[in-house]
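Engineer: Coordinates for the following, if possible.
(chains A and B)
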Number of protein chains: 2
Amino acid sequence: MTVNNNSGILIVGSIAFDSVETPVGSVEKALGGSATFASIAASYFASPRVVAVVGEDFGDEHIARLTSRGIDTKGIERIAGGKTFHWKGKYHENMQDRDTLETCLNVFEGFDPVLPDGYKESDYVFLGNIDPKLQAKVLDEVGHARFVGMDTMNFWITKTPGDLRSVLRKVDVLFINDEESFQLSGERQVLGAAEEILKLGPKYVVIKRGEYGALLFGHDLRLFVPAVLLPSIVDPTGAGDAFAGGFMGFMAGATKITRSTLAQSMVAGTVMASFAVEAFSIDGLLELDTLMINNRRDELRSMVDHD
Amino acid sequence: MTVNNNSGILIVGSIAFDSVETPVGSVEKALGGSATFASIAASYFASPRVVAVVGEDFGDEHIARLTSRGIDTKGIERIAGGKTFHWKGKYHENMQDRDTLETCLNVFEGFDPVLPDGYKESDYVFLGNIDPKLQAKVLDEVGHARFVGMDTMNFWITKTPGDLRSVLRKVDVLFINDEESFQLSGERQVLGAAEEILKLGPKYVVIKRGEYGALLFGHDLRLFVPAVLLPSIVDPTGAGDAFAGGFMGFMAGATKITRSTLAQSMVAGTVMASFAVEAFSIDGLLELDTLMINNRRDELRSMVDHD
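Structural biologist: Residues are numbered from 1 along each chain as shown, chains lettered A, B, ... in the order given. Predicted coordinates:
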């Protein structure tokens, strides 16, 4: 898996403190958020620049963890007197379903992404799960990106379908989980859901199915990557963002958009998600090296190699 | 996919009349049962011989449907004055969960498999989901099979764990769904479940995950095949048996046990299961040809071909 740190990728999303309880443990106000997970995952394949907002309670030590991965943090705005977005949740025994116990948007409620000089020329852009109006605003500022990925969630599918559809027309790939794909499309099988979503504009849709793997659909293109088989899972939080970050980072590093690079991006996303869920917060993602990443890539390849 | 009808495979299991309601329709007293689905699926790759029991209400037209696929039905015992096993069930909206509304075992309650002359020399054996005591009895009669597959279910895992473990020591492959694999192993992830099950004796374990595909584990071997993506599903009944039948039939037809034939057997099983769920009863499995089967095989291969 080629690691190419010369390719810039703009990542816009949330930075949060997560308080998480899972069947194997818990963590209080640990670093999280879509931009955090995505940028760290992407940093193994490209050079991420992050646009996000935090409060005065967001210490320099957190910024340092991002910069230690070569992430450009100029676009992280710190609001004086404000508090950082805080999410509190508890996972069920199956490690899939979860209950949200508390959501304090804090400074994230007024998030108005501003792109620093240089960010606007980004060729690769990942729009994390934020208000589609803000996603659209970022895209307008960027102008001519080569490849744009976006995430969304049930809230925007239900509450602002018009805004969501308007962004969908402008992106290359939508990352979505299977339940959300059914909600967005009105279909009950992933095949039909993918076909309907492609009609909304994106060139590709990646349907994430957690421990069951992920599918990429394009016009005349279907790719599947199984999830890495793990002995145990510690915390699923951020898996989807790590997937998107790994995928988009690999695309940025590869610089060519072909069937093969899309497939390798799916593998990169799958591998980064597998590391993310093995520890709380970003701890599973910070200390990786090429060998660790390539070993998991090879494991995935071998599982689907039928010769 | 090589179709080799010279290879005999013994299939022991149930023959039933199924009354099924799914979100898209319903059927009354239609031909079903593990031996039925497995033998028809296997018939595309090998020559199945079936051992099962039916009642006087089991008309010759049903036997004719099996013989039309080249299946040897000498081992199907018809009990005078008896009634055929009847199962009635209703599937939920998600086409995965189901409620059993009625189970009339009838003649199946006294099933005592007797192998006709010639059956005992079978090199390939599939033991459908029946009392593990009966599975063991069949294996004793067969003597020296080259490759034995077995199915089971939560009922035997809970009620007769000793009998089940004693058969597990004698088989080559166990087919089991993920929930049952957790129940049998006490683990909560498929990786750990597979490792524990392999310790019980079988050389391989196939963990079936419905629409999410299937995994094969052996010592130092992991294979994954995604499910065929279907626009719609009519009736999931029999999918697991069609999978096992396709898998075992392909193994019998291939005659060699290698990584590659195991992988191709996983694909054959996946393809046969996909046809089974597209219609009620056995209707999706009866009228196939090599081209239809190979097209789905190629579709699966292409989805996991990352080059």
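Engineer: So which residues make contact with stretch A:261-274?
Structural biologist: Residues outside stretch A:261-274 that contact it (C-beta atoms under 8 Å, 6 or more residues apart in numbering or on different chains): A:1, A:41, A:44-45, A:204, A:206, A:213-214, A:216, A:218, A:221, A:223, A:225-228, A:230, A:239-240, A:242-251, A:254, A:285, A:293, A:296-297, A:300-301, B:305-307. For glycine as for every other residue, the C-beta is placed from the backbone atoms N, C-alpha and C.
Engineer: Which of the residues you listed fall within strands?
Structural biologist: A:204, A:206, A:214, A:216, A:218, A:221, A:223, A:225 (DSSP state E).
Engineer: Could you report the pLDDT at the fifth one?
Structural biologist: Just to be clear, that refers to A:G218. In this model, A:G218 is scored at 98, pLDDT.
Engineer: Pull the number of nearby residues for it.
Structural biologist: Applying other C-beta atoms under 10 Å in any protein chain shown, we find 18 residues neighbouring A:G218.
Engineer: now do the second one
Structural biologist: Other residues within reach of A:V206, judged by other C-beta under 10 Å, total 29.
Engineer: That one touches A:D178, doesn't it?
Structural biologist: No - proximity of A:V206 to A:D178 does not meet the contact threshold set by C-beta atoms under 8 Å, at 10.9 Å.
Engineer: still on that earlier bit, which member of the ones in strands among the contacts of stretch A:261-274 is positioned nearest chain B?
Structural biologist: The shortest approach to chain B among the ones in strands among the contacts of stretch A:261-274 belongs to A:L223, at 6.2 Å (C-beta to the nearest C-beta).
Engineer: Need the distance between the two termini of stretch A:78-86.
Structural biologist: With C-alpha to C-alpha, to the nearest Å as the measure, stretch A:78-86 spans 15 Å from end to end.
Engineer: Identify each buried residue in it, please.
Structural biologist: By neighbour count on 16 or more other C-beta atoms under 10 Å in any protein chain shown, the buried set for stretch A:78-86 is A:79, A:82-86.
Engineer: Just the ones of the residues you listed in strands?
Structural biologist: Short answer: the buried residues of stretch A:78-86 in strands (DSSP E) are A:79, A:86.
Engineer: Distance to chain B and pLDDT added to the buried residues of stretch A:78-86, as JSON lines?
Structural biologist: Converted to JSON lines, the buried residues of stretch A:78-86 look like this (distance: C-beta to the nearest C-beta, whole Å; pLDDT from 0 to 100):
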{"residue": "A:I79", "distance to chain B": "41", "pLDDT": "97"}
{"residue": "A:G82", "distance to chain B": "40", "pLDDT": "97"}
{"residue": "A:K83", "distance to chain B": "37", "pLDDT": "98"}
{"residue": "A:T84", "distance to chain B": "33", "pLDDT": "98"}
{"residue": "A:F85", "distance to chain B": "31", "pLDDT": "97"}
{"residue": "A:H86", "distance to chain B": "29", "pLDDT": "97"}
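Engineer: Excluding residues flanking it in the chain, which one is nearest the spatially most central residue of chain A?
Structural biologist: Centroid check for chain A by C-alpha atoms, centre = their mean gives A:D241 as the closest residue, at 2.4 Å. Distance criterion C-beta to C-beta, 6 or more residues apart in numbering or on different chains; nearest residue to A:D241, sequence neighbours excluded, is A:F37 at 3.6 Å.
Engineer: pLDDT averaged over the helix or strand containing that neighbour, what's the number?
Structural biologist: Here A:F37 sits within helix A:34-42, counting by DSSP states H and E. Computed over helix A:34-42, the mean pLDDT rounds to 98.
Engineer: do the same with stretch A:244-256
Structural biologist: Model confidence over stretch A:244-256, given as mean pLDDT, is 94.
Engineer: just to revisit the earlier point, can you list the buried residues in the helix holding A:F37?
Structural biologist: So, applying 16+ other C-beta under 10 Å, buried residues of helix A:34-42: A:34-42.
Engineer: repeat for stretch A:10-23
Structural biologist: A:10-22.
Engineer: ditto for stretch A:148-160
Structural biologist: Result for stretch A:148-160 [16+ other C-beta under 10 Å]: buried residues A:148-153, A:156-157, A:160.
Engineer: Those also near chain B: which ones?
Structural biologist: Applying C-beta under 8 Å from any C-beta of the partner chain to the buried residues of stretch A:148-160, one finds that nothing falls near chain B.
Engineer: and which of those is nearest to A:F111?
Structural biologist: A:W156 (14.1 Å; C-beta to C-beta).
Engineer: moving C-terminal of the host helix or strand of the closest one, what's the next helix or strand?
Structural biologist: Element membership of A:W156, judged by DSSP H and E, is helix A:154-159. Once helix A:154-159 ends, the next helix or strand along the chain (criterion: DSSP H and E) is helix A:161-168.
Engineer: shaky segments in chain A?
Structural biologist: Along chain A, segments meeting pLDDT under 70 span A:1-7.
Engineer: hmm, try it at 90
Structural biologist: Applying pLDDT under 90 to chain A flags the ranges A:1-8, A:94-96, A:117, A:143-144, A:255-256, A:306-307.
Engineer: who in it is up against chain B?
Structural biologist: So far as C-beta under 8 Å from any C-beta goes, chain A lies against chain B at A:93, A:95, A:188-192, A:209, A:212-213, A:215, A:222-226, A:229-233, A:260, A:263-264, A:266-267, A:299, A:301-307.
Engineer: Am I right that A:L101 sits in a strand?
Structural biologist: Yes - if the criterion is DSSP: H, G, I helix; E, B strand; the rest coil, then A:L101 is within a strand.
Engineer: give the contact list for it.
Structural biologist: Contacts for A:L101 were tallied using C-beta under 8 Å, 6+ apart; they are A:88-90.
Engineer: Drop anything exposed from those.
Structural biologist: Neighbour counting by 16+ other C-beta under 10 Å classes A:88-89 among those as buried.
Engineer: Keep only those of the contacts of A:L101 that are in strands.
Structural biologist: Members of the contacts of A:L101 lying in strands (criterion: DSSP E): A:88-90.
Engineer: List the buried residues of the longest helix belonging to chain A.
Structural biologist: If you go by DSSP state H, chain A has its longest helix at helix A:259-276. Residues of helix A:259-276 classed as buried: A:261-276 (neighbour count, 16+ other C-beta under 10 Å).
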